[in-house]
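A.B. asks: Quick check, what structure comes out for this input:
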Amino acid sequence: MRWYRNPIARNGDFADPFVLRFNGRYYLYCTNPDVLCWTSDNLVKWQPCGPVITPGTFDGLVPFAPEVCLHDGRFYMYTSPSGHGHYVLASDSPTGPFKLVSGNLGHSIDGHVFTDDDGRRYFYWAGDEGIWGCELLAPTQFGPAVLTGASMDGWTEGPFVVKRGHQYHMTMTGNHYLSPGYRICAAVSDHPLQGYHMSPANPLLVSTTGRAVGLGHSSTVLGPDLVSHWIVYHNLNPDASRDLNIDRQFWRQGRTIVLGPSQLAPAPDQPDRRTDWGHAGEVGHWTATGGTLQTAGDWGVLAGDTALAWWHEPTTDGVFTSEHNIWAADSPSSYGIVGQRDGATAWAIRFDPAANSVALYDGAAAVPALSDALPAGYTHNTPHCCHVIRAADSLRLVIDGRLQLTARCALPADRIGYEVTGGAIRIGYTALTHTLESATVRDPVNPVPGRFRVGGRLNSGEPLTFRVAVPKAGRYSVFLCGDFPSTGRLFVDGLQDAVTRHAAANCLWFEAPLPKGISELTFAPAGNAVADVLSVEPAATQRRFELADPVTAGEYGKQPFGDPCWHDFTADASITVAGSGGHGDLLFRATQMSDGGEGDDTRLGINFLLGYSVQLHDDRVVLVRHSYDEQVLAQATPIGWNRDRPHDISIRACGSSLYVALDGVDLLEALDDNPYLVGQVGIRVCGCDATLNSLKVVAD
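C.D. replies: Now for the predicted structure:
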């Protein structure tokens, strides 16, 4: 298995990365004065190919967040020079040169183009109120602006939309790009332009400590294997330059899931079969009848009155995903993609330029099983990318990201190829994988350390196995949270660990040494169970902690103490809160802390953390969950409550269960079904002054 380490590219200032996939290759564009471009065939190793705009195009301004899309044979770039509205540039090549084809079209920064299944295109951008959008009526013509509802409760930028089923999934980035708390979140809607609501699993990607901090401004691209997707994003360096990162992305149960941020992870897979015509000898792997098959640069050319070409060897047993870059080079009467079985045509997807239509034929039938009109203005003599998705009982055709045909009548085929009648076609990169996207999300490799929504309903004794990628051999804490009527057991690589513990009724955990590379974690329940969250973290090294001296925090501030890998523990503290209004808090299981703005605005960043807090307000005590926001889990007003004296707080964190006692009396408890399981203990103050008089932590 091949591996990669993040960041995958350094020393190039890869700010605001966007990746275009065209003819089997990837083209990377980032924010820099010349819009430098890099190219790759595997998403991991990138080669520079120089600037793609001419010097002076924007008179010294820096083109922000350039994004490129292919439309009717031309490549269009959308960028906002130093934030002064959007301009559109065009080129006949993904490597330029791109020339201006519009004036200033406005709309702030971070423009993104999305193509829906019906061929309608939409443009999104950043704004003070959140993410805005509009229909893209033409490459340089925007429709009326609509506020989408996607917002990170502050400056929100870097939108990117992917459709799965009938839902539109948006990723976006918030806070200031110079802050370690720059982070990626997700939202979902049933409409491309409105009604977006934020995911309860946010943030998707955040890192405020270590080498990779300030993760943000992402794009999503199809992987080389045609069935995986990858999120591409940058991290912030001390000199304000940005490095390039990738992680696996998929969608499950209406949510966006990212397997990261990873340190070490399996590299993107290649397809099972591919043809890149620019490589010598590729034509020798094909058989042609009724015409000629030759190469011309990066393309193959199939010509003849009734010509067929297909791979020599059998390429599929029926279920597959394939990619076909194809265009009419010499006015054929029809052309298309064919599936053959035992030397005969099993099915054919045929384009008719005169009728501007595409049809699916079963076998040698003269009448199509299904036909559909292509969009008005569809240009047959420019490159188009077709994906054929053949499931056990259906076939789908996607053209340039647009769902064109869905049929339940295609016969199995063992070879894939092309046909042309009365002319010639150019054939670009062709690839095939013997699986579907839906199959690749069932058993992903989860990078360690990490916390992942897994989802799985199990019958008694039915095992559930998770694969994890460990970047460094060591001792780790493994957690599985869910609904466990009985304890069950957790195994590492098939070996039962004797120290498995059952926390309350909702979390199994143990510590075990894990080797570098992939390990398998198996959960075997004793009764029916539901698994929700898997978390693997380095084991804590500090079991006890006691604060040496009192600590006073200012009006808006937070300070953590102890081991960042504490999980189940008891914390006893004494806090004094001074002044009216606001609240003083005891933090626990706190990680990923940051301030706001450029990294020094404590008030803006008061909620910038993951974990929990017990808050002492004027009129109540509140238990809160933090995901860079606040969610109240429980609250109460003690009898005779008077905040203006020292109070003793005792916290017991046990798996998904949280317990709070105040001044020796049990007061609050909560069960978090999406728990944070590790982190530090500390003080946090909002709108007043507070002193942590004492703190003692004893970890299990």
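A.B. asks: contacts and neighbour counts: CA atoms only from here.
C.D. replies: Will do.
A.B. asks: Leaving out chain neighbours, which residue sits closest to R451?
C.D. replies: Excluding its sequence neighbours, the residue lying closest to R451 (Cα to Cα, 6 or more residues apart in numbering) is S535, at 4.2 Å.
A.B. asks: ok so the one you found is a strand residue?
C.D. replies: Yes: assessed by DSSP: H, G, I helix; E, B strand; the rest coil, S535 belongs to a strand.
A.B. asks: Next SSE downstream of the lowest-mean-pLDDT helix or strand in the chain?
C.D. replies: Using mean pLDDT, DSSP states H and E, strand 501-503 stands out as the lowest-scoring helix or strand of the chain, at a mean of 55. The helix or strand immediately downstream of strand 501-503 is strand 507-514, counting by DSSP states H and E.
A.B. asks: just how off-centre is that next one within its chain?
C.D. replies: 27 Å (Cα atoms, centre = their mean, to the nearest Å).
A.B. asks: Show me where the stretch 401-550 of the chain dips below the pLDDT cut-off.
C.D. replies: 409-410, 486-488, 495-505 (pLDDT under 70).
A.B. asks: give the contact list for L136.
C.D. replies: V113, R120, R121, Y122, F123, F142, G143 (Cα atoms under 8 Å, 6 or more residues apart in numbering).
A.B. asks: Now restrict these to buried residues only.
C.D. replies: Among the contacts of L136, those scoring as buried are V113, R121, Y122, F123, F142 (criterion: 16 or more other Cα atoms under 10 Å).
A.B. asks: Am I right that the first one is in contact with C69?
C.D. replies: Yes: distance between V113 and C69: 7.4 Å, which falls inside the contact criterion (Cα atoms under 8 Å).
A.B. asks: and the end-to-end length of stretch 460-468?
C.D. replies: End-to-end distance for stretch 460-468: 24 Å, by Cα to Cα, to the nearest Å.
A.B. asks: again but with stretch 678-697, I slipped
C.D. replies: Termini of stretch 678-697 sit 13 Å apart (Cα to Cα).
A.B. asks: contacting residues for the nearest residue to V44 once chain neighbours are set aside?
C.D. replies: Excluding the flanking residues, the one nearest V44 by Cα to Cα, 6+ apart is I8, at 6.2 Å. Each residue near I8 by Cα under 8 Å, 6+ apart is listed here: V44, K45, D243, L244, N245, I246.
A.B. asks: and the first one, how far is that from F98?
C.D. replies: Pointing back at V44 there. 26 Å.
A.B. asks: Comparing these two, which residue is more hemmed in?
C.D. replies: F98 (22 against 18; other Cα atoms under 10 Å).
A.B. asks: who are the neighbours in contact with that one?
C.D. replies: V52, I53, T54, Y76, M77, L89, A90, S91.
A.B. asks: Quick check: the two most widely separated of those residues?
C.D. replies: Within those, two members stand farthest from each other by Cα to Cα: T54 and Y76, at 15.2 Å.
A.B. asks: Show me which of these two is the more surrounded one.
C.D. replies: Between T54 and Y76, Y76 has the larger neighbour count (other Cα under 10 Å), namely 26 against 13.
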